[in-house]
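Q: Attaching a predicted model along with its sequence, questions to come.
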Amino acid sequence: MVEQESSIRSISRALAILRAINRKGSLSLTEISNAVQLPYPTTLRIVRALVDEGVIEREPTRKWYRPTALIQSLAYGFQNNDQLVMVARPHIVSLTEKVHWPISIVTPVGNVMVVRDSTSTMTPFTFNHYYPGWQVPLAVSASGRAFLAHAPAEVRRELIAYCEAHGNEGEVATLRAFELQGDADRIKAQGYATAARNAYSASPRRTSSVAVPLFQDDLLLGSLTMVFFSAAMPLEVAVERFVPSLQGIARDIGADMAAAQAEE
């Protein structure tokens, strides 16, 4: 029984380390240790095991650890069974070829938004690669705010209840303010959401983002998001240049989703 509990604890710790690295893109051992609140020697032992398994690797020029392509492959079965990813992929590739900035399909899972697919690996215009499974906060990210503003009011109430049940008072306050201060109505009216100098990204404060809702008929699926260098342009310029294209691609994806399901 003790051995079983120890094995479960080791798996839980390894998954926590993978999540921490995946969220940030690259971390030092000290940062990993702090992020998962484990002693440095324990962290080192698990990191070495994950390197041996090929899911993370040490950067060649510094003692930082990053995900390998094998991490992405762990999601392939999930992706390949997901119609949204298959339908959307040609559209986001085409848009990235046109605008050069990475485009992501992002959907809600619990109280976070999760990247389902991204073109970050096909453009040099990115600081980090955002693999499937990458998480961003629901209440402050562009993708999350675009989703929340277009979601039914009962969805927002359920999210508040979820956060209250999990003791996340800060997120509860942010979600309440989102509606009470008029952000939800404003974003829904304009049809897009923005986030400047994202603090939660793998390169904090160096990127900004703009997102539009993704619908299939009246069903809200998630968000279509573009991330760009904050220093490259002001948010208002990004909105003027790219929101119409994002909205057009979102409509095309929704139409293709509806057509694909009608054929089933």
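A: That came in fine, so what should we check first?
Q: Look up the closest residue to residue 252, ignoring the ones flanking it.
A: Once flanking residues are discounted, residue 252 sits nearest to residue 91: 5.6 Å by Cβ to Cβ, 6 or more residues apart in numbering. The way it works is simple: take the backbone N, C-alpha and C, and place the C-beta from them, glycine included.
Q: Please name the residues that touch the one you found.
A: Shown in contact with residue 91 (Cβ atoms under 8 Å, 6 or more residues apart in numbering): 249, 252, 253, 256.
Q: Spell out which helix or strand contains it, please.
A: Using DSSP states H and E, residue 91 maps to helix 83-99.
Q: same for the helix or strand just after that helix, what does it pack against?
A: Later in the chain than helix 83-99, the nearest helix or strand by DSSP H and E is strand 103-109. Here strand 103-109 is seen to pack against helix 83-99, strand 112-118, helix 142-150, strand 219-229 when contacts are counted using 3 or more Cβ pairs under 8 Å, 6 or more residues apart in numbering; DSSP states H and E.
Q: shouldn't residue 17 be in contact with residue 49?
A: No. Using Cβ atoms under 8 Å, residue 17 makes no contact with residue 49, being 9.7 Å away.
Q: what about the two, which has more around it?
A: residue 17 (25 against 14; other Cβ atoms under 10 Å).
Q: check contacts around that one.
A: 32, 36, 43, 46, 47, 50.
Q: now those: which count as buried?
A: 32, 36, 43, 46, 47, 50 (16 or more other Cβ atoms under 10 Å).
Q: The nearest residue to residue 138 once chain neighbours are set aside and residue 243: what is the separation?
A: Using Cβ to Cβ, 6+ apart and skipping residues adjacent in sequence, the residue nearest residue 138 is residue 144, 3.9 Å away. Using Cβ to Cβ, to the nearest Å, residue 144 is found at 17 Å from residue 243.
Q: out of those two, which sits in the more crowded spot?
A: Applying other Cβ under 10 Å to residue 144 and residue 243 shows that residue 144 carries more neighbours, namely 27 against 18.
Q: That one contacts residue 150, correct?
A: No. Judged on Cβ under 8 Å, residue 144 makes no contact with residue 150 at a distance of 11.3 Å.
Q: before we move on, back to that, using CSV, please lay out the contacts of residue 91 together with neighbour count.
A: Formatted as CSV, these follow (neighbours: other Cβ atoms under 10 Å):
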residue, neighbour count
249, 21
252, 16
253, 23
256, 18
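Q: JSON lines for the residues you listed, including pLDDT and distance to residue 161?
A: Putting those into JSON lines (pLDDT from 0 to 100; distance: Cβ to Cβ, whole Å) gives the following:
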{"residue": "249", "pLDDT": "97", "distance to residue 161": "33"}
{"residue": "252", "pLDDT": "97", "distance to residue 161": "35"}
{"residue": "253", "pLDDT": "96", "distance to residue 161": "30"}
{"residue": "256", "pLDDT": "95", "distance to residue 161": "34"}
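Q: quick one: which of those is nearest residue 138?
A: residue 253 (21.1 Å; Cβ to Cβ).
Q: Just to be sure, that closest one is in a helix?
A: Yes. Using DSSP: H, G, I helix; E, B strand; the rest coil, the assignment for residue 253 is a helix.
Q: Can you tell me, leaving aside adjacent residues, what's nearest to it?
A: residue 88 (4.8 Å).
Q: quick one: that neighbour from residue 213, how far?
A: 14 Å.
Q: In terms of neighbours, single out the busier of those two.
A: Comparing residue 88 with residue 213 by neighbour count (other Cβ under 10 Å), the higher total belongs to residue 88, at 27 against 24.
Q: How about the contacts made by the more buried one?
A: 105, 117, 224, 253.
Q: Got the confidence number for it?
A: The confidence metric pLDDT takes the value 95 at residue 88.
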